[in-house]
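J.: Curious how this folds, go ahead:
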Amino acid sequence: MPEQYLAANTTADFQQQISHFRIRRLLQITGFTLFGLILAMAVAGGTTKLLILAGCIALLVAGGFALKQQALISAYILLWSMALMLSALAYVSGGLRDLALLGFPGLLVYAAILGSVGLFYSLLCFVMAFCSLVTALTLSGRLHPVLPALGWQHLLFVAVILAATGFSVYLMVRDMRRLMLSLQQENEKVRHSRKEIERLAHHDPLTTLPNRILGEQLYNQLLQHCREQQQQLAVLFLDLDNFKPVNDSLGHSAGDILLRQLAQRLQQVLHAEQKVIRFGGDEFLFLIPTDADKQQLSQLATQLITEVTKPFSIMQTDVSVSGSVGIAIAPGDGSEFNVLCRKADLAMYKAKEDGRNTFRFYDDKLDQDNVDKFNLLQRLRLAIKAHGFELYYQPKIDLRSGRISSVEALLRWPQSDGSMISPAEFIPLAEHSGLISELGSWVIHEACRAAARLRAQGFSELRIAVNLSYVQFKNTGLEQVVQQALRSAGLPAAALELELTESLLIGDTDFIQHQLNALSQLGVTFAIDDFGTGYSNLSYLRSFNATTLKIDRSFIASLCVSERDEPLVQAIINMAAGLGLKTVAEGIEDAATLQRLQALGCDEGQGFYWSAAVAETVLIPLINSHNETINKQNDAI
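T.: Numbers count the residues shown, from 1 in each chain. This next block holds a predicted model:
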């Protein structure tokens, strides 16, 4: 399409030049010829003078049409008037021997260059017909040509004819040369533009690196070379781990600067036979010929990651990012470009799962994991439609009174063989696929109904907590889902607590804050889950408008084993108390940990020390049994 556009523009420009050329030359030829005819008329006499005068008038008319930019009409008037004038002069004078016939070749040249095909052929036919007629009339005795005595005026007539013809031919040939040169220059521009278009089509405009299209061609060339040299060809896939915050905080122009600087760094690391390609976005692809030496590739991957992690100076700000690298090798992992890219991409995602800022080699297990995820996703869709999930409930204990103050609803996916698929497997898959909104809506409704049933059976102060996914929380319909769940269950909003993670506030803060305010107005409360493992700071706590901090189980598990975590737990409890927040310790599994948390001032706890998460049918006897035990202990005291 771009080539056709350039060609069309070039053709239009050329046609415009031809039009201007015709007008300009018509005026020049008309003026020069008129001047010659005036000179000839000055020395002519009788009929010849009248014919020349008629020719001068016709020339003036032709010049007028030329000034009006009507080139073809002007050319017709000019050439036909001259043809008729020359024919008339020859007929009344010397016939085929007359000097006027010298002008016919010039007229045909004008017609070929200035006129149209029709004008040229019509004039040619007229000239040949006139000459044939004059010859026939002369030979039959009907025309008697009169050859006047030679005089100086005849020399003037010849000079005028030859000068007008020669001058006009010279001008037209010179202009044709100029037009040819101009056309050559335009063609050169078109060729240059085509080369530039081809370069742009095969190179990334931001970094000037080869793009994916050229990358595939380079891959095929290098693969053929590696086969001839009995080498392997490694494909390294690099993806930046935290590039989006750069765009979000500093703007896309800052992101562009970072990518340009990174491209320069990456090129400096590579040797001449090694290629780097901008695959798209913040993804780069490397083509590395290798002698089956994974150690060499590991060193190169480490070097690339090191270059990525070096600070970038952008807009007077030091910016740091990291990168993950996946490696696939041809021909062992495949030979097709797309196949190698996919497998290197899988290895890169494995590197991200394993902590990011590292590299991984592809192996067949990654493909199997991918197939397993796909199959699990299909089963997940069917289970959501068939309501194949259940909610289990884990009690939360008031550490001062010892009574069960609330329960946390936990999602379970039971299987036909009695086993359970871990939430750690299907929750991330549901989030990634977008199914979490539908699944989370069911959880909220079912949890509210369960809480209403429990309160109806005598546990009137019992509250229920529900975990919200960050994907679910960013759904604009969440407020309506919660409101409808509370209304349909007849549950007061104060009985529902939503557990959120700190990472929710990393992103579209205004939207998140709007959601928090809307849910707060309904009367529900918030707890910050896994506190201490995310982006903990006072600004986030204020934005959350939370009532509870849940201390992550990783700090609780080693509380009585290592002294390292106790100061941190104490600091969280003290901070929460100072802010008017309750603290809940997760993962309490023994009496020693419970006693230590009570000594530190923690408000609530949950864990296997009391109970794992249980089905609703087991929960009621569990609560009754626990409360009876507490009552007996209180009575004994």
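J.: rest of the way, CA atoms for contacts and neighbours
T.: Noted.
J.: mind listing the strands for the stretch 401-550 of the chain?
T.: Along the stretch 401-550 of the chain, counting by DSSP state E, counting those that start in this stretch, strands occupy 404-414, 420-421, 463-467, 496-501, 525-531, 548-551.
J.: For residue 116, find the nearest of the ones you listed.
T.: strand 496-501 (82.2 Å; C-alpha to C-alpha).
J.: can you tell which of the strands of the stretch 401-550 of the chain is closest to residue 91?
T.: Closest approach to residue 91 among these (C-alpha to C-alpha): strand 496-501, 109.2 Å.
J.: hang on, the earlier thing: export the strands of the stretch 401-550 of the chain as a markdown table, with columns for mean pLDDT.
T.: Converted to a markdown table, these look like this (pLDDT from 0 to 100):
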| stretch | mean pLDDT |
| --- | --- |
| strand 404-414 | 94 |
| strand 420-421 | 92 |
| strand 463-467 | 94 |
| strand 496-501 | 90 |
| strand 525-531 | 84 |
| strand 548-551 | 90 |
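J.: can you redo those strands as JSON lines with distance to residue 380 and mean neighbour count?
T.: Output for these, formatted as JSON lines (distance: least, C-alpha to C-alpha, whole Å; neighbours: other C-alpha atoms under 10 Å):
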{"stretch": "strand 404-414", "distance to residue 380": "9", "mean neighbour count": "21"}
{"stretch": "strand 420-421", "distance to residue 380": "11", "mean neighbour count": "12"}
{"stretch": "strand 463-467", "distance to residue 380": "19", "mean neighbour count": "23"}
{"stretch": "strand 496-501", "distance to residue 380": "23", "mean neighbour count": "22"}
{"stretch": "strand 525-531", "distance to residue 380": "25", "mean neighbour count": "23"}
{"stretch": "strand 548-551", "distance to residue 380": "29", "mean neighbour count": "24"}
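J.: Pipe those into JSON lines and attach distance to residue 74 per row.
T.: Formatted as JSON lines, the strands of the stretch 401-550 of the chain follow (distance: least, C-alpha to C-alpha, whole Å):
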{"stretch": "strand 404-414", "distance to residue 74": "91"}
{"stretch": "strand 420-421", "distance to residue 74": "91"}
{"stretch": "strand 463-467", "distance to residue 74": "88"}
{"stretch": "strand 496-501", "distance to residue 74": "85"}
{"stretch": "strand 525-531", "distance to residue 74": "90"}
{"stretch": "strand 548-551", "distance to residue 74": "94"}
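J.: Out of these, the one nearest residue 277 is which?
T.: Comparing the strands of the stretch 401-550 of the chain against residue 277 with C-alpha to C-alpha, the closest turns out to be strand 496-501 (37.6 Å).
J.: helices and strands around that closest one, which ones?
T.: Counting contacts by 3 or more C-alpha pairs under 8 Å, 6 or more residues apart in numbering; DSSP states H and E, strand 496-501 packs against strand 463-467, strand 525-531.
J.: Export the ones you listed to CSV and append columns for distance to residue 590.
T.: As requested, the helices and strands packed on strand 496-501 are exported to CSV (distance: least, C-alpha to C-alpha, whole Å):
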stretch, distance to residue 590
strand 463-467, 23
strand 525-531, 20
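J.: Between those strands, which one is closest to residue 455.
T.: Minimum separation from residue 455 across the helices and strands packed on strand 496-501 (C-alpha to C-alpha) falls at strand 463-467, 8.7 Å.
J.: Summarise which helices and strands that closest one is packed against.
T.: strand 404-414, helix 436-456, strand 496-501.
J.: May I see the ones you listed arranged in a markdown table, with distance to residue 203 as well?
T.: Listed next are the helices and strands packed on strand 463-467 as a markdown table, based on distance: least, C-alpha to C-alpha, whole Å:
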| stretch | distance to residue 203 |
| --- | --- |
| strand 404-414 | 49 |
| helix 436-456 | 39 |
| strand 496-501 | 42 |
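J.: Could you say which one of these comes nearest to residue 53?
T.: Here helix 436-456 is closest among those (C-alpha to C-alpha), at 96.4 Å.
J.: So for that closest one, what gets flagged as buried?
T.: Residues 436-437, 439-455 are the ones in helix 436-456 that count as buried (16 or more other C-alpha atoms under 10 Å).
J.: do the same with stretch 322-340
T.: Within stretch 322-340, the residues scored as buried using 16+ other C-alpha under 10 Å are 322-331, 333, 337, 340.
J.: Among those residues, name the ones in strands.
T.: 323, 324, 325, 326, 327, 328, 329, 330 (DSSP state E).
J.: Tell me the one among the residues you listed nearest to residue 76.
T.: Distance to residue 76, by C-alpha to C-alpha, is smallest for residue 330 among those, at 73.4 Å.
J.: returning to that earlier point: may I ask which two of the buried residues of stretch 322-340 are separated the most?
T.: 322 and 331 (29.4 Å).
J.: pLDDT below threshold where in the protein?
T.: 1-19, 21, 43-45, 94, 113-115, 146-154, 157, 502-509, 532-544, 636-637 (pLDDT under 70).
J.: 50 - rerun?
T.: Applying pLDDT under 50 to the chain flags the ranges 1-9.
J.: Would you mind giving the secondary structure of the residue of it positioned farthest from its centre?
T.: Distance from the C-alpha centroid of the chain peaks at residue 141, with 88.4 Å (C-alpha atoms, centre = their mean). Secondary structure assignment for residue 141 (DSSP: H, G, I helix; E, B strand; the rest coil): coil.
J.: and it, how far is that from residue 135?
T.: The spacing between residue 141 and residue 135, counted by C-alpha to C-alpha, to the nearest Å, is 10 Å.
J.: residues contacting residue 34?
T.: 56, 59, 60 (C-alpha atoms under 8 Å, 6 or more residues apart in numbering).
J.: wait, which of the residues you listed is closest to residue 233?
T.: Among those, residue 59 lies closest to residue 233 (C-alpha to C-alpha), at 78.4 Å.
J.: what's the burial count for that closest one?
T.: For residue 59, the count of nearby residues is 25 (other C-alpha atoms under 10 Å).
J.: Tell me if it really is in a strand.
T.: No - per three-state DSSP, residue 59 lies outside any strand segment and is helix.
J.: Can you tell me, leaving aside adjacent residues, what's nearest to residue 412?
T.: Counting by C-alpha to C-alpha, 6 or more residues apart in numbering, residue 412 lies nearest to residue 390, which is 5.3 Å off, once chain neighbours are set aside.
J.: wait, residue 602
T.: residue 583 (5.7 Å).
J.: That neighbour belongs to a helix?
T.: No - counting by three-state DSSP, residue 583 is not part of a helix but strand.
J.: Spatially nearest residue to residue 41, not counting backbone neighbours?
T.: residue 49 (5.3 Å).
J.: what do you get for residue 593?
T.: residue 560 (6.1 Å).
J.: Can you tell me the SS state at the one you found?
T.: At residue 560 the chain is in coil, as set by three-state DSSP.
J.: Hmm, it is touching residue 595, no?
T.: No - if you go by C-alpha atoms under 8 Å, residue 560 and residue 595 don't touch, sitting 9.9 Å apart.
J.: More neighbours: those two, which one.
T.: residue 560 (17 against 13).
J.: Residue 329 versus the more buried one, what's the distance?
T.: For residue 560, the distance to residue 329 equals 49 Å [C-alpha to C-alpha].
J.: just residue 99 next, same as before
T.: Residue 99 is 89 Å from residue 329, by C-alpha to C-alpha.
J.: How about residue 627?
T.: With C-alpha to C-alpha as the criterion, residue 627 and residue 329 are 63 Å apart.
J.: Could you do residue 293 as well?
T.: For residue 293 relative to residue 329 (C-alpha to C-alpha), the value is 11 Å.
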